[in-house]
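Q: Need coordinates for the below:
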Amino acid sequence: MARWLVSLMLLSGVGIAGIANANTAVLELLSNNQGLTPQMLMAQVEKQYPGVISEFDIDVENGELIYEISIIDTQAETISEFEFWAKDGSLIHQKVEPIEADDHDGVRAVQVLINSDLSFSHLVKLAVGSSKAHVIEAQLDHDLGISYLELKLIDANGKHKIAFDIEKQRPLPLLKWD
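A: Predicted coordinates for the structure are as follows:
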């Protein structure tokens, strides 16, 4: 039993160190100001593709940042998933699928965003405010009768999450967690 516990502690330490290193690498890549910022790519995608961005995520492959974006097109009833190189915004991959039942909350939040006459990139800008943190994830969602933007940010202090009400355009303290 003691040997198992020591092994678990060692593995947990390696896992935590690996996560810390991954966070540091992402922060360094975002901070070096080479290529497009997440918000710049979001604005570019909004101009080039029909629909509304519903999700943004960052991935790192071979030391290169990749931005992943999902767009819900309520007119075509599709969700398009894109991967772009952060360094120049060039398209790596695109996949289009029909909207499914489990996409309902995202579609509802997209509709609220449309009705509020806001773009995803502008909503992200409002939510981030004057913070110097970098966006690493952003997703529209609808729960408990509220449509909101869930953001994961990273800065020198680590990662933290916030939720931002789309209609009232303010942080949601009840859904704010670290």
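Q: Could you tell me how many residues sit around the residue nearest to Gly35 when sequence neighbours are not counted?
A: Among residues not flanking Gly35 along the chain, Lys87 sits closest, at 3.9 Å (CB to CB, 6 or more residues apart in numbering). The C-beta positions use only the backbone N, C-alpha and C, and glycine is treated the same way. By other CB atoms under 10 Å, the residues close to Lys87 number 13.
Q: Contacts only, for Lys87.
A: 34-36, 64-65 (CB atoms under 8 Å, 6 or more residues apart in numbering).
Q: Which members of these occur in strands, if any?
A: The strands in this structure, assigned by DSSP state E, contain 64-65 from the contacts of Lys87.
Q: Throw the contacts of Lys87 into JSON lines and include distance to Ala109, thanks.
A: Shown next, in JSON lines, are the contacts of Lys87 (distance: CB to CB, whole Å):
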{"residue": "Gln34", "distance to Ala109": "32"}
{"residue": "Gly35", "distance to Ala109": "28"}
{"residue": "Leu36", "distance to Ala109": "25"}
{"residue": "Glu64", "distance to Ala109": "30"}
{"residue": "Leu65", "distance to Ala109": "26"}
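Q: Strands along this protein, start to end?
A: Using DSSP E, strands in the chain cover 52-61, 64-73, 78-85, 91-98, 134-143, 146-155, 158-165, 170-171.
Q: Look up how far Ile58 lies from the residue nearest the centre of the chain.
A: By CA atoms, centre = their mean, the chain has its centre lying nearest to Glu137, at 2.1 Å. Using CB to CB, to the nearest Å, we find Glu137 at a distance of 7 Å from Ile58.
Q: pLDDT weak spots in this structure?
A: Applying pLDDT under 70 to the chain flags the ranges 1-27, 29-34, 174-178.
Q: same thing but at 80, please
A: 1-35, 173-178 (pLDDT under 80).
Q: re the thing from before, which residues does the closest residue to the residue nearest to the centre of the chain other than its chain neighbours contact?
A: Spatial nearest neighbour of Glu137, chain neighbours left out: Lys152 (3.8 Å); criterion: CB to CB, 6+ apart. The neighbours of Lys152, taking CB under 8 Å, 6+ apart as the test, are 135-138, 159-161.
Q: In ChimeraX, select just the buried ones from these.
A: In ChimeraX syntax, the buried subset of those is picked out as below (16 or more other CB atoms under 10 Å):
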select :135,136,137,138,159
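Q: Out of the contacts of Lys152, which comes closest to Ser116?
A: Ala138 (16.1 Å; CB to CB).
Q: Kindly state the beta-bridge partners for that closest one.
A: Phe56, Leu151 (DSSP bridges).
Q: What is the burial count for Thr74?
A: Neighbour number of Thr74 under other CB under 10 Å is 14.
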